[in-house]
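# whatever this is, show me its structure:
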Amino acid sequence: MWYLMENVQRSYTLSERLLDAIGVTAPTSCLGGKDEKLIVENLLREGADVNQAHGTFVPIHSACMMGSVEIVAVLLKWGADVNQLDGFHRSALHYAVEKSGECTQMLLQAGAETESRDLNRNTPLHWAAFRNRADCCRLLLQYHADVNARDRNDDTPLSWAAMKGNLESVRVLFEYNAPPNVMSHARMLPLTRVGILLDGGLHTEEDETCFELLTRGMGRIELRVRRAENPDALLLPFLLSRDVKLSFRLLDLCSAPRPLKALARFAVRQALGPTHLPSVIPLLRLPPSLCDYLLLEY
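Just a heads-up that it's a prediction; the model follows:
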């Protein structure tokens with residue numbers, strides 16, 4: 001009995017040292033300058049449990065958090081569970097997509113689930129879009145991640161990319177036909193999210209381009225809401241009303257009829273559903289200029 005307890009304690013201590021070696025729970029300077037990969041491999045050979053959690057930390061999650069490609073490879077070789085959840089109900093993929101395309105690809109090849117949800121029901125694609133890791137967005141979508149996944153607030157990855165003005169991620173999501181007309185519980189469209197950035201007055205040229213791209217992707221545009229003080233009228237939300245010039249621009253978008261070709265583009269894209277549009281649209285045998293129009297090039 002004592003022998004069993006001693007072995008359990010020894011394994012636990014080794015696993016704790018494993019997290020220290022990865023560098024999350026202790027600074028790497030504490031390792032005396034030794035090779036991190038070698039230390040990790042030696043600890044695993046000595047009996048450290050590759051899947052032992054300490055508090056909220058799990059070895060494979062910690063390595064992804066640090067973007068340590070070599071360490072992730074070692075942990076996978078030793079049987080790390082790619083779909084294990086940590087104390088925040090996050091998988092290793094949630095961390096990898098924020099830091100490293102290489103780590104993301106390794107996890108996906110090892111069978112990581114693209115639809116794993118954290119405590120707020122955010123998928124890895126939500127986080128990749130929010131961090132503007134367009135490379136990781138593309139990888140996830142190539143492995144059939146749900147481009148229209150909704151979190152606890154009904155926000156999609158496109159909405160998460162839009163709230164930061166992450167143009168490259170918006171482009172990748174649109175390539176895979178992310179729907180731009182999904183409204184959150186807070187009654188916000190992706191276009192509303194980037195509009196708030198413009199209204200704040202500190203926007204960049206990239207934010208402006210992101211707004212234009214989202215506008216192209218829409219059919220009918222309606223950003224107005226009914227406010228409590230005037231329930232009979234449709235007005236812009238307060239967050240979109242601070243900049244007078246932008247307010248007129250948004251009101252014009254909402255009130256003016258959309259061009260028929262814009263409505264037709266939206267209808268065609270909706271009919272095609274979640275797919276890689278640059279691969280599918282050329283199969284429609286349309287003129288190149290019309291293919292470009294459907295792909296939101298202009």
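
# please parse this structure into its domains.
12-113, 153-298 (automatic domain parsing).

# for the last one, measure first residue to last.
Spelled out, it's domain 153-298. 31 Å (C-alpha to C-alpha, to the nearest Å).

# quick one, phi/psi of the closest residue to G200 other than its chain neighbours?
Nearest residue to G200, sequence neighbours excluded (C-beta to C-beta, 6 or more residues apart in numbering): R242, at 7.8 Å. C-betas here are computed from N, CA, C, even on glycine. For R242, the backbone dihedrals are phi -80, psi -30 (criterion: degrees, to the nearest 10).

# for R242, give its distance to G201.
8 Å (C-beta to C-beta, to the nearest Å).

# which neighbours do the two share?
Listed contacts common to R242 and G201 are nil; contacts here mean C-beta atoms under 8 Å, 6 or more residues apart in numbering.

# neighbour count: those two, which is higher?
Using other C-beta atoms under 10 Å as the criterion, R242 and G201 rank with R242 on top: 13 against 9.

# got the contact list for L75?
Here L75 is in contact with V40, V50, P59, I60, A63 (C-beta under 8 Å, 6+ apart).

# hmm, 7 Å instead?
By C-beta atoms under 7 Å, 6 or more residues apart in numbering, the residues touching L75 are V50, P59, I60, A63.

# again, but for R152
R152 touches N120, R121, counting by C-beta under 7 Å, 6+ apart.

# so how far is D118 from it?
In terms of C-beta to C-beta, R152 sits 10 Å off from D118.

# H185 and D154 touch, don't they?
Yes. H185 is within contact range of D154, at 4.9 Å (criterion: C-beta atoms under 7 Å).

# the two: which has the busier surroundings?
Using other C-beta under 10 Å as the criterion, H185 and D154 rank with D154 on top: 15 against 11.

# which SSE is that one in?
For D154, there is no host helix or strand (DSSP states H and E).

# kindly export stretch 239-256 (C-alpha atoms) in PDB.
Extracted C-alpha coordinates of stretch 239-256, given in PDB (Å, rounded to 0.1, in the frame of the first residue of the first chain):
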ATOM      1  CA  LEU A 239     -23.000  52.900 -30.200                       C
ATOM      2  CA  LEU A 240     -23.400  53.800 -33.900                       C
ATOM      3  CA  SER A 241     -24.800  57.300 -33.400                       C
ATOM      4  CA  ARG A 242     -21.800  59.200 -32.000                       C
ATOM      5  CA  ASP A 243     -20.200  60.100 -35.300                       C
ATOM      6  CA  VAL A 244     -22.600  62.200 -37.400                       C
ATOM      7  CA  LYS A 245     -20.900  61.500 -40.700                       C
ATOM      8  CA  LEU A 246     -21.000  57.800 -40.100                       C
ATOM      9  CA  SER A 247     -24.600  58.000 -38.900                       C
ATOM     10  CA  PHE A 248     -25.700  59.500 -42.200                       C
ATOM     11  CA  ARG A 249     -23.700  56.800 -44.100                       C
ATOM     12  CA  LEU A 250     -25.300  54.000 -42.100                       C
ATOM     13  CA  LEU A 251     -28.800  55.400 -42.300                       C
ATOM     14  CA  ASP A 252     -28.400  55.600 -46.100                       C
ATOM     15  CA  LEU A 253     -27.300  52.000 -46.200                       C
ATOM     16  CA  CYS A 254     -30.400  51.000 -44.200                       C
ATOM     17  CA  SER A 255     -33.000  53.100 -45.900                       C
ATOM     18  CA  ALA A 256     -31.900  53.100 -49.600                       C
END
